[in-house]
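J.: output the structure for:
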Amino acid sequence: MRLMRISTAYDGFVRSFYAQRPELASRPFREQYETIIDEPYGWCDLWTRFVGPRGYECFEPMTNIQPAQFQWAKEHSVEANPADWFLPLTMAQIEWYKPDVLICNDYASFNYDFLTEARKRVPSIRVIVGWCGAPYRDEKVFGAYDLTLTNLKCHIERFRQIGVHAAYMHHGFDPAILGKINTTGPKRYDFSFVGSIVKKPGFHNERERLLLALLERTDLTIFADLPARPSTRGRLARRVIDVVRKVPGGAKVVRRLPRIGHLADAPSLAPRDVELADSIYNASRPSAFGRAMYQAIRDSKLTLNTHIDAAKDNASNMRMFEATGVGMCMLTERQSDLADIFEPDREVVTYASHEECVEKAVWLLEHDKEREEIGLAGQRRVMKDHRWDQRAAWLDGQIKKLLATKA
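T.: You can find the predicted model right below:
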């Protein structure tokens, strides 16, 4: 039985990945594919390694990685239009692979129409499984799935209201990660946060406020792909331009100005409520993905976990399992269902407010023995209950139930 998982990668990951391997872009598709999935980024090749032995042949391309996709197209005599390649090449790969099971990891990129067309073109597809772990705009896409997986209980409730077959699935940890990083080196960071800071409804607005509170009293190192930091002069110039452009003929006036005329047609500057504070930029380092992400967490004495706003009161994200999996003491929100996953304040440390988070971070950084014991307890729990092979066994059961209903 053939299983294909289509997914996408952050642009920041793609840029850094190929910048470190400039020669890879010209190599055969199979070499690029295997190098990509060997990097422990996202779900990488988890289903290949853990679902595959249960009777599946698997293919898990990250379909927005242009060098690999263009090489695949070249090797399969498929036209790749530089102006419009992403969805056409993904569809071509589905048609070529002819999966029985299609798993979609990106509900925003692959919409209802795309998936419906895939079913029409590829009759071998018997089941489509989708994943949704973040805010969404278009509910229609979930109607294309036979099963929608989510780690957010609030999504489960909504999906059932609109008649979508949904199931709750936690993320997990792959023990093979421990063989891909240095687990014995010295601690380079006192306190770390690795993640995104997106100031949009449902995303990371509460996260930013928490980071600001922590930066006042701790030496927090942030690993994040932040937007370019605007200078004070540049920000002022852009605001003046935005005002002038609103006046009839204002854009023409701006175009004639020396040094800044090229900004006449630039997007308006983001309002102040979506700009990031200077202290966050000051504490930030470039994003860390794959091995570098796990290494940054492992090289910290303490690491912070904070959920996306849309998670509400659910303990759900990947970082909980990634951080504890490498044996780090993790400071995370006191979500109502956290005890279903970890024992609060024994396997992870919890907080219910910014003030409590700051106080516990300071205390933990001053108490090495207690902090290290909590990290090891969290790791033991992950290895016992939250491994990806356990999730794969569950997913295999869900797929086979779906296939049985279609027999």
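J.: what's the burial count for residue 353?
T.: 12 (other C-beta atoms under 10 Å). (Each C-beta comes from the backbone N, C-alpha and C, glycine too.)
J.: begin at 457 from here
T.: In the new count, where the first residue is 457, that last one comes out as residue 809.
J.: how about it, what does it touch?
T.: Listed by C-beta atoms under 8 Å, 6 or more residues apart in numbering, residue 809 has no contact partners.
J.: okay, it and residue 775: tell me how far apart.
T.: With distances taken as C-beta to C-beta, to the nearest Å, residue 809 is found 20 Å from residue 775.
J.: and for residue 815?
T.: 21 Å.
J.: which one of these two has more residues nearby?
T.: Neighbours were counted for residue 815 and for residue 775 using other C-beta under 10 Å; residue 775 has more, 21 against 13.
J.: ok, which stretches of the protein are strands?
T.: Remark: strands assigned in the chain by DSSP state E are 458-462, 513-515, 557-560, 583-587, 603-606, 622-624, 645-650, 676-679, 740-741, 756-760, 786-789, 805-807.
J.: worst mean pLDDT among those?
T.: Mean pLDDT values for those show the minimum at strand 740-741, a mean of 92.
J.: quick check: residue 628 vs residue 460, distance?
T.: 21 Å.
J.: quick one: contacts for the residue nearest the centre of the chain?
T.: What sits nearest the mean C-alpha location of the chain, by C-alpha atoms, centre = their mean, is residue 498, with 6.3 Å. Shown in contact with residue 498 (C-beta under 8 Å, 6+ apart): 463, 465, 518, 561.
J.: what ranges of the stretch 607-756 of the chain fall below the confidence cut-off?
T.: Scanning the stretch 607-756 of the chain for pLDDT under 70 picks out 658, 684-698, 701, 706-707, 710, 713-730.
J.: do a quick rundown of the helices in it.
T.: 609-617, 661-671, 688-701, 706-711, 734-739, 746-754 (DSSP state H, counting those that start in this stretch).
J.: coming back round to it: okay if I get the contacts of residue 498 as a markdown table plus distance to residue 700, pLDDT and neighbour count?
T.: As requested, the contacts of residue 498 are exported to a markdown table (distance: C-beta to C-beta, whole Å; pLDDT from 0 to 100; neighbours: other C-beta atoms under 10 Å):
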| residue | distance to residue 700 | pLDDT | neighbour count |
| --- | --- | --- | --- |
| 463 | 43 | 97 | 19 |
| 465 | 39 | 96 | 19 |
| 518 | 43 | 98 | 26 |
| 561 | 44 | 94 | 21 |
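J.: per-residue pLDDT, the residue nearest to the centre of the chain?
T.: Looking at residue 498, its pLDDT is 92.
J.: what do you get for residue 767?
T.: 72.
J.: look at it and say how many residues are nearby.
T.: 22.
J.: kindly report the same for residue 791.
T.: Residue 791 has 21 nearby residues by other C-beta under 10 Å.
J.: how much space between it and residue 485?
T.: According to C-beta to C-beta, residue 791 and residue 485 sit 42 Å apart.
J.: how about residue 746?
T.: 20 Å.
J.: picking up where we left off before, let me have the contacts of residue 498 in a markdown table, adding distance to residue 604 as columns.
T.: Output for those, formatted as a markdown table (distance: C-beta to C-beta, whole Å):
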| residue | distance to residue 604 |
| --- | --- |
| 463 | 15 |
| 465 | 22 |
| 518 | 21 |
| 561 | 12 |
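J.: out of the residues you listed, which is nearest to residue 753?
T.: Nearest to residue 753, judged by C-beta to C-beta, of those is residue 465 at 19.4 Å.
J.: tell me who's in contact with that closest one.
T.: Contacts of residue 465 (C-beta under 8 Å, 6+ apart): 497, 498, 518, 520, 521.
J.: ok, so of those residues, who is nearest residue 640?
T.: Closest to residue 640, out of all of the contacts of residue 465 and judged by C-beta to C-beta, is residue 497, at 23.2 Å.
J.: tell me who's in contact with that closest one.
T.: Residues counted as contacts of residue 497 (C-beta under 8 Å, 6+ apart) are 465, 469, 745, 746, 749.
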